[in-house]
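K.L.:
Here is my input, please return the structure:
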Amino acid sequence: MQDLINLFRNNIRQYGMIIALVLITALFWVLTEGIIFKPLNITNLILQNGFILVLAVGMVLVIITGNIDLSVGSVVAFVGAIAGVLMINNNVPVLLAIVLSILVGALIGVWQGFWIAYIGIPSFIVTLAGMLIFRGLTLYLLDGQSLAPFPDSFGVLSGGFLPDISSSGELHILTIILSGILSLVLVYMEFKNRKTQLQYNFEVVPMWITITKLALLVIVINWFAYQLALNKGIPMVLIIVFVLIVIYTFVMNNTVMGRHIYATGGNKKAADLSGIKTKRVVFWVFVNNGVIAALAGLMFASRLDSATPAAGNMLELDAIAAVFIGGASMAGGVGTVIGAIVGGLVMGVMNNGMSLIGIGIDWQQAIKGMVLLIAVGFDVYNKNKAGN
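P.N.:
The predicted structure follows:
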C-alpha cells in the first residue's frame, strides 16, 4: 500500500486528473441514468470534441515553452473560410485545398513565431493581435455570410468512420480487432520499458502495481472499443487524434527537440547558456501550432459542412483550459500531451454531461471556469508545497 501511495504522490499531476476524469464521468453516469455511456453518445462525444483535443495537442507545446496562443480560435475560422473559398467558390480539388489550407496555417505560425521569438514581443500581445486580425480576415473573406455546402468527400474528415472488414452483423469487427492489437502493444511496451529500467538499475514500481495498471487500461480500452463497435466503429476524428498523440508523445519524450522545448520553458537563460537555440525552438513551436490550428479548422468546417464567420469562437479558451486542467504549469517547463488530452476529455465530458441533464450554457461556462480555477490553484499549491 505504501508503494501505491508513493507512486500517486510522485505522479500527482498525472494521476490526479485521471482520477478526476473517472469521478466526473461516474457522476454524469449517475445523473444521466447511464445515457452518457450509450454507444451513440460516446461517438457524439468524440465527434463534438475532436477538434478541441487536436488544438490541445498543439497548445501544450506552446505553454510548455512558457508562452500562450490566443489566436487559435480565429485561425480555425480563417482556415475554414480559406477552405470554403477554395472548394466551394473555386472548385479546387479537396485534397489540394486541404494541403493549401494547412500551408496557410503554417504561414500564420511563421508570422506569429517571428514576432514572438525574434522580435521579442510577448506571445500574449502577438496572439491577441492575431485573434483580431484573423477574425477580421475571416469576415472579409466570407463577407459576413456562411459558405455551404462542402463536397461530400470533405465530410469524411470529421464525420467518416473506419470501414469494417465485414458488412454483416451489428458489431464492427475491425474495431474489436484493433483494440486487441492496441492492448497487446501497450502491454509489450510497458514490460519492455520496465526491463530497460531494471537493466540500468532505475527504481521501478512493484510488479503488482504494473499488472494492475495494465489490466485496468486494457479493460477501459476494450470496453470503449466495444461501445464504438456497437455503433459505427472508429470515427476518423479519433484516428486523427490518436496519430497526433503517438507522434507528439514520442517527440516530447524521445527526441532532442522535445528536451529542448522542456528546457526552454523550464529555464530559458540556462537553456541559452547550454547552447540551445531557444528562439528557434519557440519559433518552430508556433509554426507547429499554426499547422495544428489549421487541421482543427478543417475538421471544424467539415463537421459544420460550412465555413462561417463565427466558427472557432472561444475555442482557444477551451484548448488552454484543457492544457492547464491536464497538469501544465503557468510558468512553463511542465506538461504532457497525454495530460492535455485528459484535460480535454474532462472538458468534453462536462460539456456533454451538463447538456444531457439540461444545464444551460450560462451555468456550463461558469462551472467550467471554476474547474479551471481549481486546477490551476491545485498546481500552485503543489508548487508552493514542494518549494517549502
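
K.L.:
check contacts around residue 343.
P.N.:
17, 56, 321-327, 375 (CB atoms under 8 Å, 6 or more residues apart in numbering). For the C-beta atoms, the positions are set from N, CA and C on the backbone; glycine is no exception.

K.L.:
Turn those into TSV, columns for neighbour count.
P.N.:
Output for the contacts of residue 343, formatted as TSV (neighbours: other CB atoms under 10 Å):
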residue	neighbour count
17	21
56	33
321	24
322	29
323	30
324	23
325	29
326	29
327	27
375	20
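
K.L.:
Just name the closest of these to residue 299, please.
P.N.:
Nearest to residue 299 out of these is residue 56 (CB to CB; 13.1 Å).

K.L.:
Could you give the average pLDDT over stretch 295-305?
P.N.:
Stretch 295-305 shows a mean pLDDT of 93.

K.L.:
returning to what we had before: let me have the contacts of residue 343 in TSV, extended by secondary structure.
P.N.:
TSV is the format used below for the contacts of residue 343 (DSSP: H, G, I helix; E, B strand; the rest coil):
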residue	secondary structure
17	helix
56	helix
321	helix
322	helix
323	helix
324	helix
325	helix
326	coil
327	coil
375	helix
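
K.L.:
among those residues, which two are most distant?
P.N.:
Based on CB to CB, the longest span within those runs between 56 and 375 and measures 13.5 Å.

K.L.:
The residue nearest the centre of the chain in helix, strand or coil?
P.N.:
With distances taken as CA atoms, centre = their mean, the residue of the chain nearest its centroid is residue 53 (2.7 Å). Of the three states, residue 53 takes helix under three-state DSSP.

K.L.:
Surely residue 101 and residue 79 touch.
P.N.:
Yes - between residue 101 and residue 79 there is a contact under CB atoms under 8 Å: 5.1 Å.

K.L.:
So the two - more neighbours on which side?
P.N.:
residue 79 (30 against 25; other CB atoms under 10 Å).

K.L.:
Chain neighbours aside, what residue packs nearest to the more buried one?
P.N.:
Residue nearest to residue 79 in three dimensions, not counting chain neighbours: residue 297, with 3.3 Å by CB to CB, 6 or more residues apart in numbering.

K.L.:
Go through the contacts of residue 343 and say which is closest to residue 366.
P.N.:
residue 321 (13.1 Å).

K.L.:
ok, that closest one - contacts?
P.N.:
Residues in contact with residue 321 (CB under 8 Å, 6+ apart) are 343, 347, 368, 371-372.

K.L.:
let's go with 6 Å and repeat that
P.N.:
Residues near residue 321 by CB atoms under 6 Å, 6 or more residues apart in numbering: residue 372.

K.L.:
again with residue 345
P.N.:
residue 21.

K.L.:
Can you give me the pLDDT of it?
P.N.:
Residue 345 is given a pLDDT of 91.

K.L.:
Check residue 205 too.
P.N.:
Predicted confidence (pLDDT) for residue 205: 74.

K.L.:
and what of the one 5 residues further on?
P.N.:
On the pLDDT scale, residue 210 is placed at 84.

K.L.:
mind listing what it touches?
P.N.:
Residue 210 touches nothing, counting by CB under 6 Å, 6+ apart.

K.L.:
For residue 199, see how far away it is.
P.N.:
Counting by CB to CB, to the nearest Å, the separation of residue 210 from residue 199 is 16 Å.

K.L.:
ok, now residue 226?
P.N.:
Relative to residue 199, and taking CB to CB, residue 226 is found at 37 Å.

K.L.:
With residue 24 instead?
P.N.:
According to CB to CB, residue 24 and residue 199 sit 39 Å apart.

K.L.:
More neighbours: which of the two?
P.N.:
residue 24 (17 against 8).

K.L.:
which residues touch the more buried one?
P.N.:
Per CB under 6 Å, 6+ apart, neighbours of residue 24: residue 349.

K.L.:
which SS state does it fall under?
P.N.:
helix.

K.L.:
Which residue, neighbours along the chain excluded, lies closest to the residue nearest to the centre of the chain?
P.N.:
residue 344 (4.5 Å).

K.L.:
tell me what the strand or helix carrying residue 81 is packed against?
P.N.:
If you go by DSSP states H and E, residue 81 is part of helix 72-84. Helices and strands touching helix 72-84, as assessed by 3 or more CB pairs under 6 Å, 6 or more residues apart in numbering; DSSP states H and E, comprise helix 94-113, helix 123-142, helix 278-304, helix 315-325.

K.L.:
Would you mind saying which of these lies nearest residue 173?
P.N.:
Among those, the nearest to residue 173 by CB to CB is helix 278-304 (26.5 Å).
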